[in-house]
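Peer 1: Next input, structure requested:
(one chain, ligands or ions: 1)
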Amino acid sequence: MKRIVVYYFRKGSNRYLARKIAEHLSCDIAELKPRLNVFPLFLLNIHMGNRALSVDLSEYDQVILCGPIWIGRLIPPLRSFLTSHKDRIKKLIFVTCCGSTDAGQNDKFGYATVFGKVRNLMADKCQYCRAFPIGMVLPEERREDPEAFMNTHLNDQNFQGIIRERFDQFILEISQGDSSPSPGKSAV
Ligand SMILES: Cc1cc2nc3c(=O)[nH]c(=O)nc-3n(C[C@H](O)[C@H](O)[C@H](O)COP(=O)(O)O)c2cc1C
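Peer 2: This next block holds a predicted model:
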């Protein structure tokens, strides 16, 4: 199966995750570069679209899109990517390294809201969505502490333990074409 990981990041965690996925699946990878990459404007939903990718997505069987969540939204670079490439994408998996925890996934700013938006947009092209909450790399008592998770970014030192187990499971599922639900994952 021919796959590509397409990612957007701001601080680095989603780039780290995207690179790890591409490395483990031995697949292509491409960075989403917004025409106007101005974070405060994104928060106001002002966005000028992304620069053209150097690849033709219709050549891939599966696109794995990876990026952060801000204020409970499918952020503009990711939304713009999905709306403009929807016709060329055959199958999509959405992955996020986000702030919300599994326990808080259905809260206002939880990842389940964003997963719902991806599914609404991509319908049956969306195979499933998977969250890697950044709090998974923190000690249990600090996982819900906004300051702690905002200032924590994935790296080789902290990408271990429960987050690594979830990652290994994710890679196994993708490799085997499995779409059954497991923690942090929302099957369609
Ligand atoms: C302004 C802002 C708002 C955020 N809002 C949310 C949110 O609503 N839900 C969530 O799960 N994470 C939220 N986060 C956390 C980011 O998704 C998280 O820090 C992510 O790992 C950042 O990815 P990056 O390092 O690739 O930029 C927010 C972060 C920022 C900076």
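
Peer 1: Does the residue lying farthest from the centre of the chain belong to a helix, a strand or coil?
Peer 2: Of all residues in the chain, residue 141 has its C-alpha farthest from the mean position, at 24.9 Å, by Cα atoms, centre = their mean. Classification of residue 141 using DSSP: H, G, I helix; E, B strand; the rest coil returns helix.

Peer 1: Distance check, it against residue 92.
Peer 2: 36 Å (Cβ to Cβ, to the nearest Å). All C-beta spots, glycine's among them, are computed from the backbone N, C-alpha and C.

Peer 1: and if you look at residue 84?
Peer 2: 13 Å.

Peer 1: Over to residue 60?
Peer 2: Plainly put, residue 60 is 10 Å away from residue 92 if you go by Cβ to Cβ.

Peer 1: Same drill for these two, tell me which one is more crowded.
Peer 2: Neighbour totals were compared for residue 60 and residue 92, and residue 92 leads with 23 against 20 (other Cβ atoms under 10 Å).

Peer 1: check contacts around that one.
Peer 2: 62, 63, 64, 65, 82, 118, 122, 125, 126, 127 (Cβ atoms under 8 Å, 6 or more residues apart in numbering).

Peer 1: related to what we said a few turns ago, so what sits against both of residue 84 and residue 92?
Peer 2: With Cβ under 8 Å, 6+ apart, residue 84 and residue 92 have no common neighbours.

Peer 1: Could you tell me which residues within stretch 121-138 count as buried?
Peer 2: Neighbour counts over stretch 121-138 (16 or more other Cβ atoms under 10 Å) mark 121-122, 125-138 as buried.

Peer 1: Tell me the secondary structure at residue 30.
Peer 2: With three-state DSSP as the basis, residue 30 sits in strand.

Peer 1: Start at 42, not 1
Peer 2: From this message on, residue numbering opens at 42, which makes the last subject residue 71.

Peer 1: That one - how many residues pack around it?
Peer 2: By other Cβ under 10 Å, the residues close to residue 71 number 16.

Peer 1: Good, we can wrap up now.
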